[in-house]
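> Okay, sequence plus prediction incoming.
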Amino acid sequence: GIFALAQVLLLGVNMLDLIWVTRTNLALGIPDKVFLFGEDLISPMVRRLAEMPMLILAAKLCPKGVEATLFALNMGVSNYGVSVGRYCGSFLLESLGGVEGPEFKNLTLFIFIKSLTRLLPILLIPGLVPKGNPDDDAAEMAEAHAMVPSDDEEEDSRRTSEDSRRASELQMSELGGNEDFGPVGFEMKDRMLAGADEL
């Protein structure tokens, strides 16, 4: 669907550089000035458009209360992917050799390989992206892919949280309560109760 289309668009943008490097543009009567806004400008725009469906899908399937965590995870994985891509590109440059001026012997091969790697994520789409489209109901999509807890799981989580809170209060009372510890006792109790709430 839309994820595969985004990768194909990125491939097309990369191919603009290939047309320019092989000087095919001059054979077609297209001046070099047209390629001034090549991959460096157009590719980030296409990448941002490609990220939108993933962010929308994540927002629809995100369990309540962990929205910020999910967004941070998405951004972290995205930034990690960019960093790994740069290292892979550097490794490819070193492996090919001959990409230095003034000859640039293997530059065409480098750009061709780099462009084809844009198609690799398409192989992961069937396994990583749930079936459906952006118009589907979020609850149905989430239940189909078990990404949000059921009513029973939420009830179990609430009971566990209450049990943890009771255990923390009991532990504090066995230690002598807040009276024996003064301000430190209040702080300790607050921390234990906060920890129980997080469970």
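That came in fine, so what should we check first? Numbers count the residues shown, from 1 in each chain.

> all helices for this protein, in order.
Assigned by DSSP state H, the chain shows helices spanning 2-21, 24-27, 39-61, 67-96, 107-116, 120-128, 138-144, 151-174, 183-198.

> would TSV of the ones you listed with mean pLDDT, distance to Lys33 and mean neighbour count be doable?
(Glycine included, C-beta is placed from N, CA and C.) Below are the helices of the chain laid out as TSV (pLDDT from 0 to 100; distance: least, C-beta to C-beta, whole Å; neighbours: other C-beta atoms under 10 Å):
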stretch	mean pLDDT	distance to Lys33	mean neighbour count
helix 2-21	82	11	17
helix 24-27	88	10	12
helix 39-61	78	13	15
helix 67-96	88	26	12
helix 107-116	86	20	17
helix 120-128	82	32	11
helix 138-144	64	46	14
helix 151-174	69	60	12
helix 183-198	52	58	13
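
> Now the residue most central in space within the chain: closest residue in space, sequence neighbours ignored.
In the chain, the centroid-proximal residue (C-alpha atoms, centre = their mean) is Asn74; its distance is 3.2 Å. Among residues not flanking Asn74 along the chain, Ala58 sits closest, at 5.9 Å (C-beta to C-beta, 6 or more residues apart in numbering).

> Who are the contact partners of the one you found?
Neighbouring residues of Ala58 by C-beta atoms under 8 Å, 6 or more residues apart in numbering: 70-71, 74.

> how about TSV for those residues, with distance to Leu16 added?
Shown next, in TSV, are the contacts of Ala58 (distance: C-beta to C-beta, whole Å):
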residue	distance to Leu16
Leu70	34
Phe71	32
Asn74	28
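
> which among those gets closest to Leu26?
Within the contacts of Ala58, proximity to Leu26 (C-beta to C-beta) peaks at Asn74, which comes in at 42.2 Å.

> distance of the closest one from Gly89?
23 Å (C-beta to C-beta, to the nearest Å).

> nearest residue to Gly97 other than its sequence neighbours?
Take Gly97 and drop its neighbours on the chain: the residue closest to it by C-beta to C-beta, 6+ apart is Asn106, 6.7 Å away.
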